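K.L.:
Below is the sequence, then the predicted model.
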Amino acid sequence: MSEIWLEAPVDCPGRNRLEPAARAALEARDVDRAELSVTLVDDATIRTLNREHLGHDRPTDVIAFGLWQPGDPVVVGDVYVGLDQALQQAAELGVSAEEELIRLVVHGTLHVTGMDHPEAADERADSAMYRLQERVVADVLSAGPA
């Protein structure tokens, strides 16, 4: 059984679908046991995390920390989603804020499970991680409200 803790504003778009999105990403990776926190934060907070942990002094959309090693019985990690960035990206991409937040939660959860993608933007869409991410997002959206 997986435990997922969500910290998000009560009025966050699609809030009730974010935990199921993380759970769907874990299931897509055949993870039976996980302890995962998903926290939505503002630009200032994600910028600090990005600077301190990744050396990039700018806000970003999602940062994930896998806190386990292969062979451990439980996948453990933290996902931080930049809410301000997600809302901006949703507007730029012409998708709902709910869809973009689901996508970022799935993306971060897949990273926690050990998946990665190429750094080059033009190569990401062909990666196994991206294809799985988009399949999970579509499944979550088609399931309707949680």
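P.N.:
Noted; the coordinates are in hand.
K.L.:
ok, which stretches of the protein are strands?
P.N.:
In the chain, the segments counted as strands under DSSP state E are 3-7, 34-41, 62-66, 75-82.
K.L.:
can you tell me which residues contact the residue sitting nearest the centre point of the chain?
P.N.:
The centre of the chain sits closest to Val105, judged by CA atoms, centre = their mean, with a distance of 2.3 Å. Each residue near Val105 by CB atoms under 8 Å, 6 or more residues apart in numbering is listed here: Leu18, Ala21, Ala22, Ala25, Val38, Val62, Val79, Val81. C-beta coordinates here come from the backbone N, C-alpha and C atoms, glycine included.
K.L.:
Correct me if wrong: Asp84 contacts Asp61.
P.N.:
No. Contact criterion CB atoms under 8 Å: Asp84 and Asp61 do not qualify, at 9.3 Å.
K.L.:
which of those two has more neighbours?
P.N.:
Asp61 (20 against 17; other CB atoms under 10 Å).
K.L.:
Can you pull out the low-pLDDT segments for the protein?
P.N.:
Applying pLDDT under 70 to the chain flags the ranges 146.
K.L.:
Nearest residue to Gly114 in space, ignoring adjacent ones along the chain?
P.N.:
Spatial nearest neighbour of Gly114, excluding adjacent residues (CB to CB, 6 or more residues apart in numbering): Gly66 at 6.4 Å.
K.L.:
Surely the one you found and Asp116 touch.
P.N.:
No. Between Gly66 and Asp116 there is no contact under CB under 8 Å: 10.3 Å.
K.L.:
what bridges to the residue nearest to Gly114?
P.N.:
Beta-bridge pairing for Gly66 (DSSP bridges): Gly77.
K.L.:
Val79 and Asp139, how far apart?
P.N.:
Separation of Val79 from Asp139 (CB to CB, to the nearest Å): 18 Å.
K.L.:
who has more neighbours, those two?
P.N.:
Each of Val79 and Asp139 has its neighbours counted (other CB under 10 Å); Val79 has more, 28 against 16.
K.L.:
what's near enough to touch the more buried one?
P.N.:
Applying CB under 8 Å, 6+ apart to Val79 gives the contacts 22, 36-39, 62-65, 105, 108-109, 111-112.
K.L.:
what about burial for those residues, which qualify?
P.N.:
22, 36-39, 62-64, 105, 108-109, 111-112 (16 or more other CB atoms under 10 Å).
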